[in-house]
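J.: I would like the atomic coordinates for the input below:
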Amino acid sequence: MTRKTRVILASLAALLFLILAPVLVLYSMGYRFGTEVKAVGMMYLRSVPKDANVYIDGKLFKKTTPTAITELKKGEYEIKVEKNGFSTWKKKLPVSPNVITEVRNIYLLPLSLTPKLITEHSITYYKISPSQEKIAYITEDEASRGIWILNLKDLSKTQVFSKTIYKNLEVPDTVEWSGDSKKILFLAEPESKNFKATSPKYFIIDIEKPTEFIDLSNFIPTTIIQELRWHPTDSNRIFYTTQNKREEVLGVFGLNLVTGETVQILSGDIISYAFSSNEIYFVKKKKVSSQTKMEFWKANLDGTNPHLILESLPPETDYQILLSQDKNVLLFTPSGKKLYLLNPFSDQLEILEDDEVTEAKWSPNGKYILYVKDNREFWVYNFDNKKSVFLKPGEEMRVAKYADPIQEIAWFSTSEHILFKINGEIKMIEVDPRGGINLNKITDCNSAQEFNVGKDGEVFYFVNATHDTEKLYEILLTEKEIIQDIIR
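T.: Here you go, the predicted model:
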């Protein structure tokens, strides 16, 4: 090839690039070329379960979810997503030129949500283990009174506390699981005042060795023990607070169950504390002259390297510390009904809501905050979800308001759906308000006990009353292998 030929070919390639490059760029931006240039938009839909049919203004689209619908003219479209055997999802969504309208959290519930009884005992309390593979429950049935462990893999049961073994103690009201799901902690009241141990006792039971229980009174000299918490990563260590006779908290202590060693972690009048995997956060009451101050601190789990975050909190005495998975902080005061957010950049406390807040929760992904006002309406605040297509970071919105009290509320595992109980029904509602909100009933429920979502959101647990007895049920919400498609 001669030099002249190479120059001609190079010139033609450069010319072709100059012609095609703008065309490709404009095409990628949503422009289409015919007799006239027009701008179009696009829609992307993803659902659980996948392979659901999509209807656009009543017409069946050629592809199932997840799918991209391209070359849509500007306007509003009625979108319906449905699959045989599942609930239908509907919205009216706008399409704008050069914009992708995304809906990634379409959740279709099975139409046959049939409750399955998973234990014949009457339940007064239950709690799912952190591994979500076991349930500890308490029954008052005469023949089987005590604490039982239910294995969710095969529904086998083991009794770990019974009146036969602990004859002088009442059946506990609640239990707390250790982080590794191997032990439970509970408070047992004396059955009678005539019983020599007139104070309540805390016990720890290894569920694999239920007869080898630990009586914490053998390790902790004082009887005024409160706020017992498991160490987040070590089931051989617990935290607790103690009080003097004037009901002043003397600090937070740590107990090593193997060595029996007790160490003071924090000193002072600690009114509330919570911890992450490696830090402990606490509200401390401090008297300065005749005034009482509330301070907010954090330290390492062993109490070292204490750091004062806020020198002066609003004068409430019942702060609850709520930590997200990324260690962002909410402070909630049930008596004051106020919700505060700690700004992670300035370490300043900001009022998120100061009017009739009755409950607050971080979403599973730590990006949203759910809070309830006056037990009748619930709101969502976008703390840090920059990918949200319906609510900008720093903005809030009311999801729903009801005339009757909301009996219970919780995030679903998607972090974009909420479960709540009202008027004897448990429902699921989506957070995305664009084009209307989809609301579905899960089940009837006439018990005041809490409901729970199992591992990865595939199973739902609740207590229902039949013939004056409250029993534990489960409902399969979806298949385990497909729930991961929607969790972000």
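J.: For the residue sitting nearest the centre point of the chain, which non-adjacent residue is spatially closest?
T.: Nearest residue to the geometric centre of the chain (CA atoms, centre = their mean): residue 364, 4.2 Å. Spatial nearest neighbour of residue 364, chain neighbours left out: residue 415 (5.1 Å); criterion: CB to CB, 6 or more residues apart in numbering. The way it works is simple: take the backbone N, C-alpha and C, and place the C-beta from them, glycine included.
J.: Residue 184 too?
T.: residue 175 (4.6 Å).
J.: Local confidence estimate at the one you found?
T.: Listed pLDDT for residue 175 reads 95.
J.: for the one 3 residues further on, same thing?
T.: Residue 178 is assigned 95 on the pLDDT scale.
J.: Just give me the neighbour total for it.
T.: Look at residue 178: counted by other CB atoms under 10 Å, it has 23 neighbours.
J.: what does residue 401 give?
T.: 12.
J.: you'd agree it is up against residue 375?
T.: No: judged on CB atoms under 8 Å, residue 401 makes no contact with residue 375 at a distance of 11.0 Å.
J.: Would you map the helices across this structure?
T.: Remark: helices assigned in the chain by DSSP state H are 3-28, 480-483.
J.: which of the ones you listed has the lowest average pLDDT?
T.: helix 480-483 (a mean of 44).
J.: how far away is residue 380 from residue 409?
T.: 11 Å (CB to CB, to the nearest Å).
J.: Which one of these two is surrounded by more residues?
T.: residue 380 (23 against 20).
J.: Do I have it right that that one meets residue 396?
T.: Yes: assessed by CB under 8 Å, residue 380 is found in contact with residue 396 at 6.7 Å.
J.: so where's the stretch 201-350 of the chain uncertain?
T.: 222-223, 246-247 (pLDDT under 70).
J.: Name all residues that make contact with the closest residue to residue 161 other than its chain neighbours.
T.: Spatial nearest neighbour of residue 161, excluding adjacent residues (CB to CB, 6+ apart): residue 147 at 3.8 Å. Contacts for residue 147 (CB atoms under 8 Å, 6 or more residues apart in numbering) come out as 136-138, 159-161, 171-172, 175, 184, 186, 205.
J.: Residue 286 and residue 308 touch, don't they?
T.: No: in this structure, residue 286 is not within contact of residue 308 by CB under 8 Å, at 10.5 Å.
J.: isn't the residue nearest to residue 364 right next to residue 368, touching?
T.: Yes: with contacts counted by CB under 8 Å, residue 415 reaches residue 368, the gap being 6.2 Å.
J.: out of those two, which sits in the more crowded spot?
T.: residue 368 (24 against 21).
J.: Can you check the pLDDT for the residue lying closest to that one once chain neighbours are set aside?
T.: Closest residue to residue 368 apart from its sequence neighbours, by CB to CB, 6+ apart: residue 380 at 5.5 Å. Note for residue 380: predicted pLDDT of 97.
J.: Need the contact partners of stretch 286-302.
T.: 231-232, 254, 263, 265-266, 268-269, 271, 275, 278-285, 305-317, 319, 331, 342, 349.
J.: quick revisit: can you name the residues that contact the residue nearest to residue 368?
T.: 368-370, 391, 396-397, 399, 418, 431 are the contacts of residue 380 under CB under 8 Å, 6+ apart.
J.: so which of those would you say is closest to residue 46?
T.: Nearest to residue 46 among the contacts of residue 380, counting by CB to CB, is residue 431 at 15.7 Å.
J.: how many other residues sit next to residue 475?
T.: Around residue 475 there are 20 residues (other CB under 10 Å).
J.: is the closest residue to residue 162 other than its chain neighbours in a bridge, and if so with what?
T.: Once flanking residues are discounted, residue 162 sits nearest to residue 146: 4.0 Å by CB to CB, 6+ apart. Per DSSP bridges, the residues bridged to residue 146 are residue 139, residue 162.
J.: surely residue 329 meets residue 323?
T.: Yes: using CB under 8 Å, residue 329 is in contact with residue 323, at 6.1 Å.
J.: Mind checking which of those two has more residues around it?
T.: residue 329 (22 against 16).
J.: Beta-bridge partners for the spatially closest residue to that one that is not a sequence neighbour, please?
T.: The spatially closest residue to residue 329, leaving aside those adjacent along the chain, is residue 342, at 3.9 Å (CB to CB, 6+ apart). Residue 342 forms beta bridges with residue 349, as assigned by DSSP bridges.
J.: Could you give the number of residues near residue 342?
T.: For residue 342, using other CB under 10 Å, the count is 18.
J.: what's the answer for residue 314, then?
T.: Counted by other CB under 10 Å, the residues lying close to residue 314 total 14.
J.: Phi, psi for it please.
T.: phi -50, psi 140 (degrees, to the nearest 10).
J.: Verify the stated contact: it with residue 332.
T.: No: the pair residue 314 / residue 332 is not scored as a contact, 11.9 Å apart, by CB under 8 Å.
J.: what residues are up against the nearest residue to residue 172 once chain neighbours are set aside?
T.: What sits nearest to residue 172 in space, not counting adjacent residues and going by CB to CB, 6+ apart, is residue 186, at 4.1 Å. Residue 186 makes contact with 147, 161, 172, 174-176, 202-203, 205 under the criterion CB under 8 Å, 6+ apart.
J.: Endpoints of stretch 221-233, how far apart?
T.: Distance between the two ends of stretch 221-233: 25 Å, counting by CA to CA, to the nearest Å.
J.: Nice, that's everything, thank you.
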